[in-house]
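*Asks:* one predicted model, sequence on top.
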Amino acid sequence: MTPPAPWQRAANGAMLLDGAGRLAPTIFAEMSALATATDSINLGQGFPDEDGPDEVLEAAHEALRSGLNQYPPGRGMPVLLEAVAAHQRRFYGLDVDPQREVLVTAGATEALAATILAFVDRGDEVVTLEPFYDAYGAVIGLSGGVHVTVPLRGPDSTVDADELRRAFGPRTRLVVLNDPHNPTGSVLDDATRRLLLELAVEHDALVVTDEVYEHLLFDGAVHVPFATLPGAAARTISISSGGKTFNTTGWKIGWLTGPAELVDRIVAVKQYLTFVNGSVFQPAIAVGLGLPDAYFEGIARTLAHKRDVLSDGLRRAGFAVRASHGSYFVVADAAPLGFDDAADLCRRLPELAGVVGLPISAFCHPELAAEQSSLVRFAFCKRIEVLEQASAQLASLSV
Ligand code: PMP
Ligand code: GLN
């Protein structure tokens, strides 16, 4: 039997440790390296293969040429703080004070890390959905917290209300909520959102929302930020990032918004993580956030079409394909093709079809990993011809 890959061992331990007790490489690093080494189509790590809007790219060039090349202010450059506040008002009717209630970070990743490290002490419990984005497990582990998960089950990735209630207890400190959801492509329903708020209030927990796919909902659906629920804003830190919205995942410009006293505590941690972030990228993301509505509608429409192209291709190849309502990702069940172990299939997929995908088990603790062992996540944020080529290659699996 082949030994498990480092990320498989990692997903099995709260601290994401490898066999030697070190933090293991992420599934994304591992599988992108495999795609490069085998010259496969990379539908594993979620990043676009095309540039975003010219206005945004040009603004970064302009910032670089105009000498904005030194440390910007710690909380972020005023132009971006203002743009984030204006974005929250324009899309969601949320009022945030750009000076006191916004913090610019190195992507959503640093926003999540600084927030978790700011509020979680050893033994505190942090509730997330499961499957979960890998950084949640790692940072909760680094903070000394205990990761408690609520499974998303079935083709519609639903939350069971009783399981959600059972996840909360006297040690619950934070809830980290990812909506739209990576890796399942699901969007939270109103009843679950309301129950989450009720439980957070009852247990006096803070809610940290990861909304990096806020503009990537499909079929006319509109994103509902948790902070817009009546009574939620006072206990919510809302996190997002420019990477997915403007095809700038390499720029690592993210932000968070929330009550001033909570943001102050996060700033205190953030200053020792990165201190400040990308001076030439901040004004460019500010330009992006101010683009007309047609831009935001256009990216969701384009991505929905890509979802359809890949979902159809996966179906033709013999996968049972689940609905994706948002994000970059679609989940496909390989069981109808005779593959019950998606981790094994994903290791062999470059050789079988020249394509890389990620097993859902890499986003799960062992119990749910066993239950969802035949599921693969594919990223569709790629050019249409790439998705068509991948679909054609995957068709060889069923012959
Ligand atoms: N959260 C989720 C759910 C993600 O999918 C990602 C990956 N892009 C991140 C956070 C990290 O975002 P960033 O690249 O802005 O740090
Ligand atoms: N968010 C991206 C994904 O889920 C990748 C981010 C990363 O490489 N850490 O695929």
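*Replies:* Structure received. Bear in mind the structure is a predicted one, so any value in this text is a computation, not a measurement. Numbering: from 1, shown residues only. Ligands and ions are numbered 1, 2, ... in the order given.

*Asks:* now do the contacts for the residue positioned nearest the centre of the chain.
*Replies:* A centroid search over the chain (CA atoms, centre = their mean) returns residue 182, at 5.1 Å, as the residue closest to the centre. By CB atoms under 8 Å, 6 or more residues apart in numbering, the contact set of residue 182 is 46, 133, 212-213, 327-329. Heads up, the C-betas are built off the backbone N, CA and C, glycines and all.

*Asks:* tell me the SS of the nearest residue to residue 73 once chain neighbours are set aside?
*Replies:* Leaving out its chain neighbours, the residue that sits closest to residue 73 by CB to CB, 6 or more residues apart in numbering is residue 276, at 7.0 Å. Using DSSP: H, G, I helix; E, B strand; the rest coil, the structure places residue 276 in coil.

*Asks:* ligand 1 next: which of the contacts of residue 182 are close?
*Replies:* 133, 212 (CB under 6 Å from any ligand atom).

*Asks:* distance to residue 255, neighbour count and pLDDT added to the contacts of residue 182, as a markdown table?
*Replies:* What follows is the contacts of residue 182, written out as a markdown table (distance: CB to CB, whole Å; neighbours: other CB atoms under 10 Å; pLDDT from 0 to 100):
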| residue | distance to residue 255 | neighbour count | pLDDT |
| --- | --- | --- | --- |
| 46 | 19 | 24 | 96 |
| 133 | 17 | 20 | 97 |
| 212 | 11 | 27 | 98 |
| 213 | 15 | 26 | 98 |
| 327 | 19 | 29 | 98 |
| 328 | 20 | 28 | 98 |
| 329 | 23 | 26 | 98 |
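
*Asks:* and of the contacts of residue 182, the nearest to ligand 2?
*Replies:* Nearest to ligand 2 among those: residue 46, at 3.1 Å, using CB to the nearest ligand atom.

*Asks:* which stretch of helix or strand covers that closest one?
*Replies:* If you go by DSSP states H and E, residue 46 is not part of any helix or strand.

*Asks:* my read: it touches residue 328, true?
*Replies:* Yes: at 4.2 Å, residue 46 and residue 328 qualify as touching, with contact defined as CB atoms under 8 Å.

*Asks:* now do the shared contacts for those two.
*Replies:* 182, 379, 381.

*Asks:* how about the residues of the stretch 101-250 of the chain by ligand 1?
*Replies:* Within reach of ligand 1 by CB under 6 Å from any ligand atom, the stretch 101-250 of the chain has these residues: 107-109, 133, 178, 182, 210, 212, 241, 243, 249.

*Asks:* ok, and which of those residues reach ligand 2?
*Replies:* residue 182.

*Asks:* what's the farthest-apart pair in the residues of the stretch 101-250 of the chain next to ligand 1?
*Replies:* Farthest-apart pair in these is 178 and 249; separation 16.5 Å (CB to CB).

*Asks:* what about the residue of the stretch 151-300 of the chain found nearest ligand 1, how many neighbours?
*Replies:* Per CB to the nearest ligand atom, residue 241 is where the stretch 151-300 of the chain lies closest to ligand 1, at 3.1 Å. By other CB atoms under 10 Å, 29 other residues sit near residue 241.

*Asks:* hmm, it is touching residue 108, no?
*Replies:* Yes: Residue 241 lies in contact with residue 108 (CB under 8 Å); the separation is 4.0 Å.

*Asks:* so who does the residue in the chain that ligand 1 sits nearest to touch?
*Replies:* Nearest residue of the chain to ligand 1: residue 107, at 2.4 Å (CB to the nearest ligand atom). By CB under 8 Å, 6+ apart, the residues touching residue 107 are 241, 243, 252-254.

*Asks:* let's see 10 Å
*Replies:* 113, 135, 212, 239-243, 249-255, 274, 277-278 (CB atoms under 10 Å, 6 or more residues apart in numbering).

*Asks:* same check on residue 293?
*Replies:* Residue 293 touches 90-91, counting by CB under 10 Å, 6+ apart.

*Asks:* so residue 255: helix, strand or coil?
*Replies:* Secondary structure of residue 255, reduced to three states by three-state DSSP: strand.

*Asks:* all good on my end, thank you.
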